[in-house]
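[1] this one's structure only:
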């Protein structure tokens, strides 16, 4: 009984092929359909379904169908957009004179590319550590005191040189 059930499962997947071309069906499938009542009933039901489909006639569309469909599509395109985002998009498109959104896509893609290039360049510049670190601004008093200290050291050096030259004469 189990073997018969296994053969039926394999046969069910090939019933459609047998229905279309009974001669090309494998002998195992043909013998199973001849012996098994369930498989032969399934094949008969498929034949009846195909016979009904062959008799069915598709209804003819109305001669004005395409005209009405095109008019309806045009009305939907011209209808005011719903929601604040739709109205904003329509205003931007009307203001740019671009019409449909298909014209905006290449411009948006180009702007996004430029932004990515600029952002990537800025990131690479920061990542390399090539930043020039500016020293903290010094107050005028500190700067003046450092200048005087440097001048005092310079004067001491000049006096040392002057004394060594006058002793050597």
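    Looks like it came in fine. All figures in this text were calculated on a predicted structure; none of them were measured in a lab.

[2] work out for me the element residue 22 sits within.
    Residue 22 is part of no helix or strand when elements are defined by DSSP states H and E.

[3] quick one, phi psi at it?
    Recorded main-chain torsions at residue 22 are phi -60, psi -30, according to degrees, to the nearest 10.

[4] phi, psi for the closest residue to it other than its chain neighbours please.
    The shortest distance from residue 22 to any residue other than its chain neighbours is 7.5 Å, reached at residue 30 (CB to CB, 6 or more residues apart in numbering). Heads up, the C-betas are built off the backbone N, CA and C, glycines and all. As for residue 30, its main-chain torsions (degrees, to the nearest 10) stand at phi -60, psi -40.

[5] and the residue nearest the centre of the chain, what element?
    In the chain, the centroid-proximal residue (CA atoms, centre = their mean) is residue 109; its distance is 12.0 Å. When elements are defined using DSSP H and E, residue 109 is found to belong to helix 104-127.

[6] could you do residue 53 as well?
    Under DSSP H and E, the secondary-structure element containing residue 53 is helix 37-55.

[7] so for that helix, what's the average pLDDT?
    Regarding helix 37-55, the rounded mean pLDDT is 88.

[8] which residues touch that helix?
    With contact meaning CB atoms under 8 Å, 6 or more residues apart in numbering, helix 37-55 is reached by 8, 11-12, 15-16, 18-19, 32-34.

[9] list only those of the residues you listed flagged as buried.
    With burial judged by 16 or more other CB atoms under 10 Å, the buried subset of those is 11, 15, 18-19, 32-33.

[10] re earlier: how far away from the center of its chain is the very next helix or strand once past the helix holding residue 53?
    Once the chain leaves helix 37-55, the next helix or strand it forms, by DSSP H and E, is helix 65-78. Average the C-alpha atoms of helix 65-78, do the same for its chain, and the two points are 31 Å apart (CA atoms, centre = their mean, to the nearest Å).

[11] same question, stretch 60-76
    Relative to where its chain is centred, stretch 60-76 has its mean C-alpha point 34 Å off (CA atoms, centre = their mean).

[12] ok, back up a step: number of nearby residues for the residue nearest to residue 22?
    Residue 30: 15 surrounding residues under other CB atoms under 10 Å.

[13] test my guess that it contacts residue 21.
    No. In this structure, residue 30 sits apart from residue 21 without contact. The criterion is CB atoms under 8 Å, and the distance is 11.7 Å.
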